[in-house]
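Asker: Below are the sequence and a predicted model for it; my questions follow.
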Amino acid sequence: MPKPQDGHEGWDEYAPFYDWENAQTLGRRDVKFWRTLARRTGGPVLELGCGTGRVTLPVARTGVSLVGLDRSWPMLDRARQRKRRTRLRTLSLARGDIRALPFADASFRMVMAPYGVLQSLLRERDLTETLASVARVLEQGGRFAIDLVSDVPSWQEYDGHRSLRGELSHGVHVTLVESVRQDRRRRLTMFEQDYIERRGRRRIHHRFALTFRTLSIRQMTSRLERAGFQVTAVLGDYDGRPWHPEADAWIILATRG
Ligand SMILES: C[S@@+](CC[C@H](N)C(=O)[O-])C[C@H]1O[C@@H](n2cnc3c(N)ncnc32)[C@H](O)[C@@H]1O
């Protein structure tokens, strides 16, 4: 297995393809869940790793005050373009690292970590720093909501598999050729991606890797408790049903003690 990078790497290169790939996988399945939770909890809300704004914009449209934070400029640029098309005054987007949140103590009522954002933390130290940072910026009794992508560790290993193909934008065709490696001892999954873009006769390769670390629900809840959170619910889907080992979604709701 090639040496895993830092978990924030790969996203800059992925940015032009993220929404296209996503529309064919998760799509908007989780969006209603986040909108409802944010509206019920109330703002200000901080979204960790807001990316291209897939969840950010719909949540901000509920009227809740929201800050989206991401480390990747190209991902954030796409969120900014989406924001420009709206008149949302209650949304701000910021660049920063979730391991050292650039906000004052107790400045948020809720922190949300959608779509496996915490799985980009590849070392135990990264997770410890992030949980401490979230605990610091949340007000007492504030809510921390996490969604982990459950199927990453069970992904079959393969080499050079053509996994997606289609039109990226008008006249631009793209094929994704992907390799997957599992390092079960370290709980790491590495996706090596080669997006091949065809513009007429030209072919352009965009190669990068993304690595994820997936802890079990039990491991994640114990890390949360150690960081001073109380776990209030573990859900297994976006309709709020309880978690079970075969559940599609791994959603943890916690409050800061
Ligand atoms: C799976 S995407 C999720 C994007 C968005 N929340 C969504 O649901 O579509 C993960 C995002 O986390 C960001 N990210 C990864 N590590 C980060 C870090 N250490 N600090 C800030 N952002 C990070 C990546 O740049 C990427 O945009």
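Answerer: Right, received. Where do you want to start?

Asker: can you pull the contacts of residue 34?
Answerer: For residue 34, the contacting residues are 55, 58-59, 112, 114, 145, by CB atoms under 8 Å, 6 or more residues apart in numbering. C-betas here are computed from N, CA, C, even on glycine.

Asker: now with 6 Å?
Answerer: Applying CB atoms under 6 Å, 6 or more residues apart in numbering, we find residue 34 in contact with 55, 59.

Asker: and stretch 159-169, which residues are buried?
Answerer: Within stretch 159-169, the residues scored as buried using 16 or more other CB atoms under 10 Å are 164, 168.

Asker: can you check stretch 197-214 too?
Answerer: For stretch 197-214, a neighbour-count test (16+ other CB under 10 Å) marks 197, 208-214 as buried.

Asker: Can you report how many residues neighbour the residue of the stretch 51-200 of the chain found nearest the ligand?
Answerer: Closest residue of the stretch 51-200 of the chain to the ligand, CB to the nearest ligand atom: residue 51 (2.7 Å). Residues near residue 51, counting by other CB atoms under 10 Å, number 24.

Asker: Tell me the secondary structure at it.
Answerer: Secondary structure assignment for residue 51 (DSSP: H, G, I helix; E, B strand; the rest coil): coil.

Asker: contacting residues for it?
Answerer: By CB under 6 Å, 6+ apart, the contact list for residue 51 reads 70, 75.

Asker: For it, grab phi and psi.
Answerer: The phi/psi pair for residue 51 (degrees, to the nearest 10) reads phi 60, psi -130.

Asker: and the nearest residue to residue 168 once chain neighbours are set aside, how many neighbours?
Answerer: Nearest non-adjacent residue to residue 168, counting by CB to CB, 6 or more residues apart in numbering: residue 174, 4.4 Å away. For residue 174, the count of nearby residues is 21 (other CB under 10 Å).

Asker: shouldn't residue 174 be in contact with residue 167?
Answerer: No - with contacts counted by CB atoms under 6 Å, residue 174 stays clear of residue 167, the gap being 7.5 Å.

Asker: ok so, going back, sort out which one of the buried residues of stretch 197-214 lies nearest residue 18 for me.
Answerer: residue 210 (10.5 Å; CB to CB).

Asker: got the contact list for the helix or strand containing the closest one?
Answerer: Of the helices and strands defined by DSSP states H and E, residue 210 is found in strand 202-213. Contact partners of strand 202-213, identified using CB under 6 Å, 6+ apart, comprise 4, 10, 13, 119, 122, 152, 187-197.

Asker: same deal with stretch 148-156?
Answerer: The contact list for stretch 148-156 (CB under 6 Å, 6+ apart) reads 116, 180, 189, 212, 214, 250.

Asker: pLDDT below threshold where in the stretch 101-250 of the chain?
Answerer: Residue ranges of the stretch 101-250 of the chain with pLDDT under 70: none are present.

Asker: Enumerate the residues of it near the ligand.
Answerer: Counting by CB under 6 Å from any ligand atom, the residues of the stretch 101-250 of the chain close to the ligand are 114-117, 120.
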